[in-house]
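**Q** just need the structure, nothing else, for what follows:
(one chain, ligands or ions: 2)
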Amino acid sequence: MAKRFELYGRLGQGSMSRVWRAMDHNAGREVALKILDKFKTIRFEHRFLGLNKPTEGEVAMQLKHPNIVKTFDQGITTADEQFLAMEYVKGISLSFLVDTQNKKMRKNRLNFIIQLGKAVQYLHDQHWIHRDICPRNVIIDENLELKLIDFGLVVPNTPDFQKPGNRTGTVSYMAPELIKRQKTDQRIDIFSYAVSCYEMFTNEHPWNVSGETIEIVVLLINKPPKDLRELEPRVDDQIADTIMRGLEADPYNRWQTVGEMVEQFEEAQLRLAKQRSLLKKKSLAASRQKKTSDEKTDHDIVVENPEEFAKYEKEGSKTEDSSERSKKESQKGTAFNLDDLGFEAESMDEESK
Ligand SMILES: Nc1ncnc2c1ncn2[C@@H]1O[C@H](COP(=O)(O)OP(=O)(O)O)[C@@H](O)[C@H]1O
Ligand SMILES: [Mg+2]
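**A** Ligands and ions are numbered 1, 2, ... in the order given. You can find the predicted model right below:
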């Protein structure tokens, strides 16, 4: 084992494992080497005695999808611990992007949401339940490709494993039926996916709770969540409605498949893109018209909305510096959406990617 893998550095510490960046000398490539905590794994697997549950490595090796981390090899170390040799994903955790809500996040949210949905739908198509969908288990690589990781809690979506009782997972992402020890199926992932999507827009939990306490559990079960638009009124309705329906307490009122959610998100994405390109054309035409009628106009100011443009032309003070003025215009809040999400242009906190 030590001969085969040369450790370069620590990539992460999960709840069940340690992950290292390493050179796999057998395969001649760099990998992310995940070594599972022996006793925690035994305790977890003990819940499924006699059910022939595949190990994390066995599950991971079967998964082939562009939005799921590749696992090259798996096995047992000389210290009798399970290991997985995966592709090393150079990137940042989705939980970091949720926390910072930086430009990269704001510009790509819908794209990330769709990629994550596709990964989860693929897992369900292969008859697995992930059971731990949350931003911490997602990496965004340098090309903005999303990779779902961590198959430590995966179980087959079959009657034996749908039986109530197994409540492992991350508490604040757990579906009510899981907390209440009822039958669970792929719809618990749909709930966790919806919580993750909600956080990607707001950096807040739908029930405004964090941590892993029993109060969270009680809140989740007894109260409806806060509508996404209360926190972020600029979110497109189709997107907000889709996320909110994923948070329904009763799994029968929830979306039944992730694919249906992805369809809604893709439809909204297309519509918003069309809206944006139409706006661009309009504002271009408006600025051309202006140019012929009034050669003194400040054409370096880009105002996406033609009505706003006209207003600016009328109200704009000659003493105001042009960049100041366009900033003010964008702060007034026009009804038009300038990035992927149905959000208008934001003038604050423009940190780079
Ligand atoms: N293939 C990978 N490439 C890069 N980093 C990884 C990879 N797999 C895991 N990590 C890092 O290790 C951390 C823990 O991995 P994870 O599989 O979530 O373990 P656990 O099951 O213990 O939660 C991740 O949050 C991530 O930072
Ligand atoms: Mg994890």
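
**Q** CA only for contacts and neighbour counts going forward, please
**A** Fine.

**Q** out of the helices and strands in this protein, which is least certain?
**A** Counting by mean pLDDT, DSSP states H and E, the chain has its least confident helix or strand at helix 322-332, which shows a mean of 38.

**Q** any idea how far the closest residue to ligand 1 within the chain lies from Pro224?
**A** Of all residues in the chain, the one sitting closest to ligand 1 is Gly14 (3.0 Å; Cα to the nearest ligand atom). Gly14 sits 31 Å away from Pro224, going by Cα to Cα, to the nearest Å.

**Q** and Leu94, by the same measure?
**A** In terms of Cα to Cα, Leu94 sits 26 Å off from Pro224.

**Q** now do the helices in the protein.
**A** Counting by DSSP state H, the chain has helices at residues 38-46, 56-62, 94-100, 103-125, 159-162, 176-179, 187-202, 214-222, 228-231, 237-246, 258-293, 306-315, 322-332.

**Q** is the second one anywhere near ligand 1?
**A** No. Figure legend: helix 56-62 not in contact with ligand 1 (Cα under 6 Å from any ligand atom); closest approach 9.2 Å.

**Q** cool, and stretch 21-40?
**A** Yes. Using Cα under 6 Å from any ligand atom, stretch 21-40 comes into contact with ligand 1 via Ala32.

**Q** quick one: low-confidence parts of this structure?
**A** Low-confidence segments of the chain, defined by pLDDT under 70: 211-212, 291-353.

**Q** domain-wise, how is it divided?
**A** For the chain, automatic domain parsing gives the domain ranges 5-87, 91-267, 273-351.

**Q** which of the ones you listed is buried the deepest?
**A** Most buried of the domains of the chain, by mean neighbour count (mean count of other Cα atoms under 10 Å): domain 91-267, with a mean of 19.

**Q** what does the protein put close to ligand 1?
**A** So the chain meets ligand 1 at 11-17, 19, 32, 86-90, 136-137, 149-150, 152 (Cα under 6 Å from any ligand atom).

**Q** rerun that using 5 Å as the cut-off
**A** 12-17, 19, 32, 88-89, 150 (Cα under 5 Å from any ligand atom).

**Q** surely Ile68 and Glu145 touch.
**A** No. Taking contacts as Cα atoms under 8 Å, Ile68 lies outside contact range of Glu145: 9.9 Å.

**Q** give me the distance between the two termini of stretch 32-41.
**A** 19 Å.

**Q** ok, back up a step: next, give phi and psi for the residue of the chain closest to ligand 1.
**A** Main-chain torsions, Gly14, degrees, to the nearest 10: phi -90, psi -170.

**Q** make 31 the first number, not 1, from now on.
**A** Got it, the first residue is 31 from now on, which makes the last one we talked about Gly44.

**Q** with Phe181 as the reference, measure out to it.
**A** 12 Å.

**Q** again, but for Val265
**A** For Val265, the distance to Phe181 - Cα to Cα - is 32 Å.

**Q** next up, the contacts around Pro165.
**A** By Cα atoms under 8 Å, 6 or more residues apart in numbering, the contact set of Pro165 is 123-125, 128, 226.

**Q** same question, Thr214
**A** 192-194, 207-208.

**Q** the residues of the chain next to ligand 1 into JSON lines, with extra columns for distance to Gln104?
**A** Formatted as JSON lines, those follow (distance: Cα to Cα, whole Å):
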{"residue": "Gly42", "distance to Gln104": "18"}
{"residue": "Gln43", "distance to Gln104": "18"}
{"residue": "Gly44", "distance to Gln104": "18"}
{"residue": "Ser45", "distance to Gln104": "19"}
{"residue": "Met46", "distance to Gln104": "16"}
{"residue": "Ser47", "distance to Gln104": "14"}
{"residue": "Val49", "distance to Gln104": "14"}
{"residue": "Ala62", "distance to Gln104": "12"}
{"residue": "Tyr118", "distance to Gln104": "15"}
{"residue": "Val119", "distance to Gln104": "17"}
{"residue": "Asp180", "distance to Gln104": "14"}
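
**Q** so what touches stretch 39-56?
**A** 33-38, 59-67, 70-71, 118, 182.

**Q** any idea how far apart the tips of it sit?
**A** Using Cα to Cα, the end-to-end distance of stretch 39-56 comes to 19 Å.

**Q** do the same with stretch 204-222
**A** 6 Å.

**Q** quick one: distance of that stretch to the chain centre.
**A** Relative to its chain's centre, stretch 204-222 lies at 19 Å (Cα atoms, centre = their mean, to the nearest Å).

**Q** contact partners for Lys33?
**A** Per Cα under 8 Å, 6+ apart, neighbours of Lys33: His55.

**Q** what's near enough to touch the closest residue to Val49 other than its chain neighbours?
**A** Leaving aside its sequence neighbours, Val49 sits nearest to Lys64 (Cα to Cα, 6 or more residues apart in numbering; 4.3 Å). The neighbours of Lys64, taking Cα under 8 Å, 6+ apart as the test, are 47-50, 113-116.

**Q** from Lys134, how far out is Lys64?
**A** As judged by Cα to Cα, Lys64 and Lys134 stand 28 Å apart.

**Q** likewise Pro281?
**A** Distance from Pro281 to Lys134, by Cα to Cα: 33 Å.
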